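A.B. asks: Okay, sequence plus prediction incoming.
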Amino acid sequence: MIKYGFLVMGAPYSSPAPHSALRFAHAVLARGHQIAGVFFYHDGVHNASSLMTPPQDELNLREAWTELNQQHAVQLDVCIAAALRRGLMSESEAQRHGRQAFNIALPFELTGLGQLLELQQRTDRLITFA
Amino acid sequence: MIKYGFLVMGAPYSSPAPHSALRFAHAVLARGHQIAGVFFYHDGVHNASSLMTPPQDELNLREAWTELNQQHAVQLDVCIAAALRRGLMSESEAQRHGRQAFNIALPFELTGLGQLLELQQRTDRLITFA
Amino acid sequence: MILHILTKAPDSSASTQMQQAIGDQDAVLLIEEAVTAALDPSWAAWQQCHTRIFLLSEDLIARGLASIAAGNGLPTLEMDGFVALTEQYEKTVTWY
Amino acid sequence: MILHILTKAPDSSASTQMQQAIGDQDAVLLIEEAVTAALDPSWAAWQQCHTRIFLLSEDLIARGLASIAAGNGLPTLEMDGFVALTEQYEKTVTWY
Amino acid sequence: MATPDALLVILRHAPHSSNWLREGLDAALVAAAFGQPVHLLFMGQGIMALLKEQGSGALGQKATLPTIDMLEMYDIDKLWVAEGALQRMHLSTDSLVDGVSLIEDQEISGLLQQHAKILNF
Amino acid sequence: MATPDALLVILRHAPHSSNWLREGLDAALVAAAFGQPVHLLFMGQGIMALLKEQGSGALGQKATLPTIDMLEMYDIDKLWVAEGALQRMHLSTDSLVDGVSLIEDQEISGLLQQHAKILNF
């Protein structure tokens, strides 16, 4: 059993990277490996948006990631610096910045870049999708 | 006097296109021309995000566009289809889709692609920033 | 030994940079836009390391290039084979 | 008569496509990443229509290329000159 | 070959790689629905939008072909393809959908001149 | 030339054109702050991050040079530059900041092999 970590840096519906990452994730699990976590960085932070509303006949990427978390305990970390400048924040960040709304919620967690390096340290493979 | 329209298709902080568009806009106005409107399409829809929170020593693009609207009556239209799939919606769209939050507010208005073609028809120049 | 994953077209700067970084023992997997390399038998990387370049089958199919890849005799992999490659190669570098 | 605005590097596919579309009466403005063309005197577009290619001054300065552009004798424009070009050319096409 | 009031939509991006192609086609369809004459020019990777054998992407990513097939219903019947680009991509017209019109590289600038309105995707 | 436990961060994008360069440098700085040995490899347009004369962008877009100058404080002192890329960009080392190390194109693959961890931006 190999322990994988993913770095996802493309936005859904603008880049095929999140789709590739998800397809790969399911193949990894099917081969009996483990996925320790996914780190969303750069435009990849948009994967976490709770306001994402694709047409009904298209996959909702946020829901697909959420399912991966719920069924396989995959941790979903979002880089806080990359998220804030791109208009993504959690409830507590919204309070800190005096905003009325937020668009990041569990199972996605805002965290620092250190988490990416920690993920790289504690996994056997870090695969980048961008 | 020439009447300009802009098509902006790059996201702030990921593409330099919005910065170029704004700098160009001020130069257009300084030469005595008019800007009828800006249409935000593709990743450009992120320019309208009311949750955008860049570091304090960087320009907030949404505020810069809002100022352009307030001081020079420049219409700011956002493509609704491009916005929804990318996680951007107004209060009324949030109600329609059963969401608790919204991140697009006046002076930005969600509208259809027809508005882009109408902008191209009623202006002397349509300049694309992407 | 590194697995290089290319996601951009063979004429992109990402591809040029990858070609500079490929070592003798390395392998290459073409995914997303990179599968358009199936159209171009003159792509320098084919000569550089022909036996160890693979194309992701489902990305070929989505783009209508599967029969061209088969006609050119190019080695394709399913998603399962992609995982197998990452089992074999401890390091992967994605070029985008 | 068209003003072509290039925002990507001279070795990008956007640039290749633009070069195919430039007519005899057209002009070209290089902005954003495209100002790196200042480094490359061998870029084919310089030969194709040398007198009507301009570089946006502030994008050269931001990238540290202003003195190289001056040394190569390339014509630069301020933002005001960019607007003047769009006054002169009724159509603009942006290549990105 | 082109009416002066027609809109030329240039498509330069491949299916599945980004949303450029789809959003460009959407603009063309809306213009046509508004009664504007619309012509399309496929350059570079954009030509891959016309490949006969293309399908939908994994995980339900929509295919482009149904949209291409729909163009005629919107009276969009001029689909220009740059001949040089086709050759450089090692593609023949046999692999493309029916009804495309080839244009030589040196005629492209003329095509742009003939259209008063251009959108470049 | 490189310690096996070091992180290699590859930077391939120019300042101002996107956020790739800045977010790549941020990753390098955080790794160094965590005590990891970090080496940088500049390829292609990424070399432009090292141009001495670069400035900030219009409308308050931050300059990259202050971050480059900060690297030494974080014990990031190996800044590899691909020599072939430098030539292809018609740049000389005179136009770059001090302290860069040139690497020949054929040595790049060896550099990657020597690092157990790689991040590519």
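C.D. replies: That came through fine.
A.B. asks: Can stretch C:21-29 be said to contact chain E?
C.D. replies: No. Using CB under 8 Å from any CB of the partner chain, we find that stretch C:21-29 stays clear of chain E, coming within 15.5 Å at best. C-beta coordinates here come from the backbone N, C-alpha and C atoms, glycine included.
A.B. asks: State the number of residues packed around residue E:37.
C.D. replies: Residues lying near residue E:37 (other CB atoms under 10 Å in any protein chain shown) number 19.
A.B. asks: Please tell me how far it sits from residue E:79.
C.D. replies: 14 Å (CB to CB, to the nearest Å).
A.B. asks: Would you agree residue E:97 is in contact with residue E:52?
C.D. replies: Yes. Taking CB atoms under 8 Å as the definition, residue E:97 is a contact partner of residue E:52 at 5.5 Å.
A.B. asks: who's more crowded, these two?
C.D. replies: The residue with more neighbours, out of residue E:97 and residue E:52, is residue E:97; 16 against 12, by other CB under 10 Å.
A.B. asks: shared neighbours of residue E:97 and residue E:52, which are they?
C.D. replies: Shared contacts of residue E:97 and residue E:52 (CB atoms under 8 Å, 6 or more residues apart in numbering or on different chains): residue E:65.
A.B. asks: now for the host helix or strand of residue E:26, which elements pack on it?
C.D. replies: Element membership of residue E:26 [criterion: DSSP states H and E] is helix E:20-33. When contacts are defined as 3 or more CB pairs under 8 Å, 6 or more residues apart in numbering or on different chains; DSSP states H and E, helix E:20-33 packs onto helix B:114-122, strand E:7-11, strand E:38-42, helix E:65-70, strand E:117-120.
A.B. asks: In CSV: the ones you listed, plus mean neighbour count, mean pLDDT and distance to residue F:23.
C.D. replies: Formatted as CSV, the helices and strands packed on helix E:20-33 follow (neighbours: other CB atoms under 10 Å in any protein chain shown; pLDDT from 0 to 100; distance: least, CB to CB, whole Å):
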stretch, mean neighbour count, mean pLDDT, distance to residue F:23
helix B:114-122, 18, 97, 31
strand E:7-11, 25, 98, 30
strand E:38-42, 25, 98, 34
helix E:65-70, 15, 95, 34
strand E:117-120, 23, 98, 28
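A.B. asks: Could you grab the helix/strand/coil label for residue C:28?
C.D. replies: Judged by DSSP: H, G, I helix; E, B strand; the rest coil, the three-state class of residue C:28 is strand.
A.B. asks: Around it, how many other residues sit close by?
C.D. replies: Residue C:28 has 23 neighbouring residues, counting by other CB under 10 Å.
A.B. asks: if I pick the most centrally placed residue in chain C, what's in contact with it?
C.D. replies: Taking CA atoms, centre = their mean as the criterion, residue C:30 is the residue nearest the geometric centre of chain C, at 2.6 Å. Residues in contact with residue C:30 (CB under 8 Å, 6+ apart) are C:6, C:37, C:53-56, C:59.
A.B. asks: Same check on residue C:35?
C.D. replies: C:55-56, C:59-60, C:63, C:65, C:69.
A.B. asks: Just give the number of residues close to residue C:70.
C.D. replies: Using other CB under 10 Å, residue C:70 has 12 neighbouring residues.
A.B. asks: what about the residue nearest to residue E:17 when sequence neighbours are not counted, how many residues close to it?
C.D. replies: Distances taken as CB to CB, 6 or more residues apart in numbering or on different chains put residue C:33 closest to residue E:17, at 4.3 Å, once the chain neighbours are dropped. A count of nearby residues for residue C:33, using other CB under 10 Å, gives 27.
A.B. asks: between the helix holding residue E:26 and strand E:38-42, what angle do the directions make?
C.D. replies: 160 degrees (axes from the mean of the first three to the mean of the last three CA atoms, to 10 degrees).
A.B. asks: ok, and of the contacts of residue C:35, which contact chain E?
C.D. replies: Counting by CB under 8 Å from any CB, C:59, C:63, C:65 from the contacts of residue C:35 sit close to chain E.
A.B. asks: And those, which is closest to residue F:46?
C.D. replies: Residue F:46 lies nearest to residue C:59 out of the ones next to chain E among the contacts of residue C:35, by CB to CB, at 26.8 Å.
A.B. asks: Without its sequence neighbours, what residue ends up closest to the closest one?
C.D. replies: In space, and not counting its chain neighbours, residue C:59 is closest to residue C:35: 4.7 Å by CB to CB, 6+ apart.
A.B. asks: Could you check the pLDDT of that neighbour?
C.D. replies: The model reports residue C:35 with a pLDDT of 98.
A.B. asks: before we move on, what about residue A:50?
C.D. replies: Note on residue A:50: pLDDT of 98.
A.B. asks: In a strand, it, correct?
C.D. replies: No. According to three-state DSSP, residue A:50 belongs to no strand; its state is coil.
A.B. asks: Tell me where the model's unsure across the chain.
C.D. replies: I'll assume chain A. By pLDDT under 70, chain A has no low-scoring segment.
A.B. asks: try again with chain C
C.D. replies: Along chain C, the parts satisfying pLDDT under 70 run over C:50.
A.B. asks: Just want the residue of it that's nearest chain E.
C.D. replies: Nearest residue of chain C to chain E: residue C:64, at 3.2 Å (CB to the nearest CB).
A.B. asks: That residue touches residue E:57, doesn't it?
C.D. replies: No. Here residue C:64 does not reach residue E:57: they are 11.5 Å apart, not a contact under CB under 8 Å.
A.B. asks: Overlap of the contact sets of these two?
C.D. replies: Listed contacts common to residue C:64 and residue E:57 are nil; contacts here mean CB under 8 Å, 6+ apart.
A.B. asks: Over to the closest residue to chain F within chain C: give its phi and psi.
C.D. replies: In chain C, the residue that lies nearest chain F is residue C:23 (3.5 Å; CB to the nearest CB). Dihedral pair for residue C:23: phi -100, psi 170, per degrees, to the nearest 10.
A.B. asks: Can you give me the neighbour number for the nearest residue to it once chain neighbours are set aside?
C.D. replies: In this structure, residue C:23 finds its nearest non-sequential neighbour in residue F:109, 3.5 Å apart by CB to CB, 6+ apart. Residues within reach of residue F:109, counting by other CB under 10 Å, total 18.
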